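Enquirer: here is my input; please provide its structure:
(chains A, B, C and D)
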4 protein chains.
Amino acid sequence: MKTLKIGIVGFGRMGQEHLRIISDYSSNAKVKAVCDIDFNQDAKDLIKKYNIREKYTDYKEMLQDKLLDIIYVCTPIDYLTTISIDCIKANKHTFCEENLSKEVEAIQELMDVLKNSNVKFFVGFNKRFDNNFNSVRDTLFQGKVGEPHIIKITSRDPDLPSLDYLKNSGGLFFDMTVDDFDMIRFLTGAEIEEVYAMGAVLIDDVIKEYNDIDTATLNLKLSNGTLCVIDNSRRALYGYDQRIEVHGSLGMVTTSNELQSKAKIYTGYGVIEEKPQYLILERYRQAYIKETEHFLECIIEDKQPLTSCNDSLQALYAAKAAMKSYTENRPVKISEVK
Amino acid sequence: MKTLKIGIVGFGRMGQEHLRIISDYSSNAKVKAVCDIDFNQDAKDLIKKYNIREKYTDYKEMLQDKLLDIIYVCTPIDYLTTISIDCIKANKHTFCEENLSKEVEAIQELMDVLKNSNVKFFVGFNKRFDNNFNSVRDTLFQGKVGEPHIIKITSRDPDLPSLDYLKNSGGLFFDMTVDDFDMIRFLTGAEIEEVYAMGAVLIDDVIKEYNDIDTATLNLKLSNGTLCVIDNSRRALYGYDQRIEVHGSLGMVTTSNELQSKAKIYTGYGVIEEKPQYLILERYRQAYIKETEHFLECIIEDKQPLTSCNDSLQALYAAKAAMKSYTENRPVKISEVK
Amino acid sequence: MKTLKIGIVGFGRMGQEHLRIISDYSSNAKVKAVCDIDFNQDAKDLIKKYNIREKYTDYKEMLQDKLLDIIYVCTPIDYLTTISIDCIKANKHTFCEENLSKEVEAIQELMDVLKNSNVKFFVGFNKRFDNNFNSVRDTLFQGKVGEPHIIKITSRDPDLPSLDYLKNSGGLFFDMTVDDFDMIRFLTGAEIEEVYAMGAVLIDDVIKEYNDIDTATLNLKLSNGTLCVIDNSRRALYGYDQRIEVHGSLGMVTTSNELQSKAKIYTGYGVIEEKPQYLILERYRQAYIKETEHFLECIIEDKQPLTSCNDSLQALYAAKAAMKSYTENRPVKISEVK
Amino acid sequence: MKTLKIGIVGFGRMGQEHLRIISDYSSNAKVKAVCDIDFNQDAKDLIKKYNIREKYTDYKEMLQDKLLDIIYVCTPIDYLTTISIDCIKANKHTFCEENLSKEVEAIQELMDVLKNSNVKFFVGFNKRFDNNFNSVRDTLFQGKVGEPHIIKITSRDPDLPSLDYLKNSGGLFFDMTVDDFDMIRFLTGAEIEEVYAMGAVLIDDVIKEYNDIDTATLNLKLSNGTLCVIDNSRRALYGYDQRIEVHGSLGMVTTSNELQSKAKIYTGYGVIEEKPQYLILERYRQAYIKETEHFLECIIEDKQPLTSCNDSLQALYAAKAAMKSYTENRPVKISEVK
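Expert: Take a look at the predicted model:
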């Protein structure tokens, strides 16, 4: 079997992580080239460690390499669809890290291009590949807790992202809640119909300068009647907090955080447990490995990936509805933002 | 020290429970009389067991007994304020089981009467006396998790109440969520400013006949900026589910359910833990004991009870706002329902 | 139904506790008299609070009261059998707090006296009435984990007892492990056949002055082939540590400690859980209530109590075997100490 | 930096696992050759997948390859020292999977050969590299729970090994408890001084045919005065059970099992948690990765590995003492078996 050749566009934190994962865990694929406008020291070290021969600063040049089968697009969100479209046109299978865009039209354009191509396209909703969340989903699909009545998702980052990131993120609903919207669709197979969002700046006033919020609670109604609540925070000092709870007609299923170790210390001052894992790359390492495994399998066996542009589009609609709801302080139907 | 003499009006499930608690746990008070329009077999058995000499069917008659120091009012909600007012006028210290009324005016009238009296008056927000919830509150007041940003309350009954109860309960927001509203005020010392409520009938269509809902998720904004979510269900088959989580600027505090025992069974088929306690009287037994202890202490030492008519009024405002929000599908400010 | 009248001999910590429990929780029994050679302030306060009319300094005098149905014997261990025998001879039902004696002959004499009487006799193995341990036992008897292969018991006190207590306790095996021996018999219905004990003074050298140890680990073989390990310590700074684990042919059942509350605090410094309950009277309150309830029921309904002198004797044999094993550093068969 | 070339002798389950780990996780080492007397289908598939060019059936031939820097010895225990000695003599760094031998002399001979060589030698006590056990050790070394008083180790396999394995394992104390002995030395830095062991055949009578036991409980005394208990079973139907608890002068530290997922299901029939991980390769995957990482680092940076032949020897002494104790039913001092 031929080894698949991969090029990575955008060689920052996530691009580097995907290099590591592909190199360490995939026996049927290899990173051949990386591309960025600038390579920091970490980037250079990794390129050396993994012996990557080709470095580009212009991705269009890289796309001309006929030997490349797959492109991982790991740039900031504003460039994802444009680059992805070029990848598809160059007939490369495309792995797009993160939700595709903050603009509906951009995703729709991408979908149009994709329709007329034969490449596999993957949207990096990595949480769909998390072991714990899949246990929750299996429990639901096996009917063990009956019909879902209430879904609760907590997702809180350990701390504020860089101001640079905040500037372009599109805001909390677009860079954080968007994953929770996708998770709800993944868990239930139902569509989000209506969103109500409260938001606030409670952590750091700097957030206000970006017209953003740092704390939010949301109420959702799904097409199957299920009610959902999401709560988000940019800062959970105890670690990366990622939990799901589904209350159904026959019971409840929950999943809790992975801790840094299972050691527990009992003293006269209290009982101390380890904190949840802190870094996204630690918490979702297993999911990142699995999504790449899945995508390569789809290419090799000519199967449809588990995530699609439509998933991205639906999550974006929900984020737009949340934003509108927050701005106008009223529940907003998804149909209003389509 | 003189033993305080107590009369109980309304000798159903809760009246009987208070007899048991006063008799078993209080060394400085004694139930002297009980009153109801009808006494069922359980009632008769208890009266015999605890050797209660006086049985009334008309509470006004009972109020004429000069020897009675205290009246516990444990009737259905529709009678609470009227009877309480008569108790106060008869110069009896009054313990009112549950939130006082579904009507603002009724509470206000009671407050007027109370203003001109010297009796102690207690509103039975029993959860304020729960050991676990007090640990959460202490953690907050000691600043251990900083300023509260997000409060999450889950309160779910093990199963649907009787249809008889449903008929007069005033609906989910008035008989279940009302306690969660009070808990939020108790935990934070802040006021609820705005409420958004989603509701649904997902458990049993019979609920629709009472114009009620059986499942709800709510979003609240407090005067101190804290965001809150509440989720309610009439049926949690695994037991009475009563949990609180507060996420703050310095961390999070949670409290989980009390289980039926600490035994855990590990087999080839899975690891089985005991279910949460099922009955409200089991789960909140300790809180019921403590609230009576507290009320008696307030009488003996002439102190102000921890719960007041104003607490009841504020919780009622929030319930009314929730109802209005659900009906009109929009966030409702508390000021709109005052 | 007639109210049973109780006298308490030995009005220290445990005698006082039994007064509280009988008074607060029993509707069919009442403490009429208490007896001790000296009454401290706590004792006097309780006598006043519970309105106990009769105080004795000579228990033999108290035994002449024909109205007394039951005697609770709560003295130090050295007096238990002598007083119990007098109680039985005076035709009083007798509740003996704790294991009966450090001397086999004393128990055997008591058994002889008992054989010719009609009174109910109870040995205060209170842990047999603990909710959690009963869950473990039920799991075993229902066969849910199959045949028991390994039993592990941890029992550790929160801190060293008073030196006064140490002087007369008979040593760790006789005042602490003895309860674990009984628990093993209770859980399995099997007899202890062989004991090996290691012991050490690791906490405080003062223990050496009493020829005692403060830390021990034991290995036991039962008549049904089950292997057991017990570990004991006089000081667990995090609280009273009382755990059981049974590994069987089909799985395992465990029980963990009851915590002071279910609150859990998550901060940047770690996750803090509450400590186990600290005091024996707090941890086993429910079991103390239940054993009295059980004993009164046995008297009223003429049933055999769940604990017998033979249980006490068997636990004593095991303690003697442990002592001999520790002293001679070799495994000792129970038959050697009979 | 030069890539280290590795040869693997013994290409069964563990040899294959080390191929996977080296290939997937090490960027500075590569498996160049594998050797076994026979290659099963799994072996052949892996050799193909990882593109291993050289296959030997005679390890002595393989040792003549000058390009090989390191040999992983993964044969059954009976061949470990002989092959290791040949590796050392061929001047190869040697990684020895598992405890070295059931014979003291064999280890001593190996130690002699090693003394006169310059190679790095590693003994595969993989549990020393487990994240959870290292948290326990760190807690101890940081003095957070004070001086250790009682150590409890539970190690139970999910099920009986193959009869083939049983035939040559040397028995439970030599193939299972031996790791627990090493763990105790690793956790405390103290030596085992005395061992008492009880054993039984409770799972399957087939074990008797091998003069082995399937269940054991042990009592140990360490050079620093600490008391230890170990319990072992060949069958824990709920999964691979690997736990440690250390009770010290200032508190206790425990570590519990890793579960298959963090999902928890609550229904009317009970609360169901996932089982512990079942396979040793799953449970200790992280430790296997870390020990190879460590060994390679020792070679590259010329450092002494964390495990030595002496560790292996000491664990063997303890196993021999346990065997003697079980056979003669008496505590045995380590000095007796030296």
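Enquirer: gap between the closest residue to residue A:222 other than its chain neighbours and chain B?
Expert: Spatial nearest neighbour of residue A:222, excluding adjacent residues (C-beta to C-beta, 6 or more residues apart in numbering or on different chains): residue A:190 at 4.3 Å. C-beta coordinates here come from the backbone N, C-alpha and C atoms, glycine included. Per C-beta to the nearest C-beta, to the nearest Å, residue A:190 is found 13 Å from chain B.
Enquirer: biggest helix in chain A by residues?
Expert: With secondary structure taken from DSSP state H, chain A has its longest helix at helix A:309-328.
Enquirer: hmm, back to that, how about the residue nearest to residue A:222, what does it touch?
Expert: The contact partners of residue A:190, by C-beta atoms under 8 Å, 6 or more residues apart in numbering or on different chains, come to A:184, A:222, A:223, A:224, A:226.
Enquirer: residue A:86 belongs to a helix?
Expert: Yes. Counting by DSSP: H, G, I helix; E, B strand; the rest coil, one finds residue A:86 located in a helix.
Enquirer: I'd assumed residue A:60 was in contact with it.
Expert: Yes. Using C-beta atoms under 8 Å, residue A:86 is in contact with residue A:60, at 6.6 Å.
Enquirer: the two: who's more crowded?
Expert: residue A:86 (18 against 12; other C-beta atoms under 10 Å in any protein chain shown).
Enquirer: how about that one, what does it touch?
Expert: A:59, A:60, A:63.
Enquirer: and the gap between it and residue A:228?
Expert: 37 Å (C-beta to C-beta, to the nearest Å).
Enquirer: what mean pLDDT does the longest helix of chain A get?
Expert: Confidence for helix A:309-328, expressed as mean pLDDT, is 97.
Enquirer: buried stuff in that helix?
Expert: Buried residues in helix A:309-328, defined by neighbour count with 16 or more other C-beta atoms under 10 Å in any protein chain shown: A:309, A:311-326.
Enquirer: for that helix, name the packing helices and strands.
Expert: Counting contacts by 3 or more C-beta pairs under 8 Å, 6 or more residues apart in numbering or on different chains; DSSP states H and E, helix A:309-328 packs against helix A:104-115, strand A:121-124, helix A:178-188, strand A:192-200, strand A:215-222, strand A:332-333, helix A:334-337.
Enquirer: quick one, what contacts residue A:25?
Expert: For residue A:25, the contacting residues are A:289, A:292, A:293, D:24, by C-beta under 8 Å, 6+ apart.
Enquirer: whoops, I mixed them up, residue A:39
Expert: Contacts of residue A:39 by C-beta under 8 Å, 6+ apart are A:11, A:47, A:55.
Enquirer: ditto for residue A:200
Expert: A:213, A:214, A:215, A:216, B:149, B:221, B:225, B:227.
Enquirer: how about it, nearest residue that isn't a chain neighbour?
Expert: Per C-beta to C-beta, 6+ apart, closest to residue A:200 is residue A:215, 4.9 Å.
Enquirer: I'd assumed residue A:234 was in contact with that neighbour.
Expert: Yes. Contact criterion C-beta under 8 Å: residue A:215 and residue A:234 qualify, at 7.2 Å.
Enquirer: who touches both of those two?
Expert: residue A:203.
Enquirer: leaving out the residues flanking it, which one is nearest to residue A:280?
Expert: Here the residue nearest residue A:280, using C-beta to C-beta, 6+ apart, is residue A:240, at 6.1 Å.
Enquirer: can you pull the phi/psi pair for that neighbour?
Expert: Phi and psi for residue A:240, reported as degrees, to the nearest 10, are phi -80, psi 110.
Enquirer: tell me how far it lies from residue A:156.
Expert: Residue A:240 is 7 Å from residue A:156, where distance means C-beta to C-beta.
Enquirer: these two: which has the busier surroundings?
Expert: Taking other C-beta under 10 Å, residue A:240 and residue A:156 do not tie; residue A:156 has more neighbours (25 against 22).
Enquirer: surely the more buried one meets residue A:238?
Expert: No. Applying C-beta under 8 Å as the test, residue A:156 and residue A:238 come out as separate, 9.2 Å apart.
Enquirer: follow-up on the earlier one: from the contacts of residue A:25, which would you call buried?
Expert: The neighbour-count test (16+ other C-beta under 10 Å) marks A:289, A:292, A:293 as buried among the contacts of residue A:25.
Enquirer: confirm residue A:95 sits in a helix?
Expert: No. Residue A:95: not assigned to a helix; according to three-state DSSP it is strand.
Enquirer: in chain A, which spans are helices?
Expert: Under DSSP H, chain A gives helices at A:13-25, A:41-49, A:59-63, A:77-89, A:104-115, A:131-141, A:163-168, A:172, A:178-188, A:280-283, A:285-300, A:309-328, A:334-337.
Enquirer: go through the fifth one and flag the buried ones.
Expert: Using 16+ other C-beta under 10 Å as the burial criterion, the residues of helix A:104-115 that qualify are A:106, A:107, A:109, A:110, A:111, A:113, A:114.
Enquirer: now the stretch 51-200 of chain A against chain C: closest residue?
Expert: Nearest to chain C, among the residues of the stretch 51-200 of chain A, is residue A:158, at 9.3 Å (C-beta to the nearest C-beta).
Enquirer: for that residue, give me its contacts.
Expert: Residue A:158 neighbours (C-beta under 8 Å, 6+ apart): A:235, A:236, A:237, A:239, A:240, A:278, A:279.
Enquirer: ok, 7 Å please
Expert: By C-beta atoms under 7 Å, 6 or more residues apart in numbering or on different chains, residue A:158 lies in contact with A:236, A:239, A:240, A:278.
Enquirer: could you do residue A:81 as well?
Expert: A:100, A:101, A:106, A:107, A:109, A:110.
Enquirer: would you mind naming what in the stretch 201-338 of chain A lies close to chain B?
Expert: Selection of the stretch 201-338 of chain A residues close to chain B by C-beta under 7 Å from any C-beta of the partner chain yields A:202-203, A:215, A:217, A:219, A:221, A:225, A:227, A:229, A:231, A:233, A:236-238, A:247, A:249-252, A:329-331.
Enquirer: select only the buried ones of the residues you listed in ChimeraX?
Expert: To isolate in ChimeraX the members of those that are buried, counting by 16+ other C-beta under 10 Å, one can use:
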select /A:202,203,215,217,219,221,227,229,231,233,236,237,238,247,249,250,251,252,331
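Enquirer: among the residues of the stretch 201-338 of chain A next to chain B, which lie within strands?
Expert: Judged by DSSP state E, the subset of those located in strands is A:215, A:217, A:219, A:221, A:227, A:229, A:231, A:233, A:247, A:251, A:252.
Enquirer: that'll do, ta.
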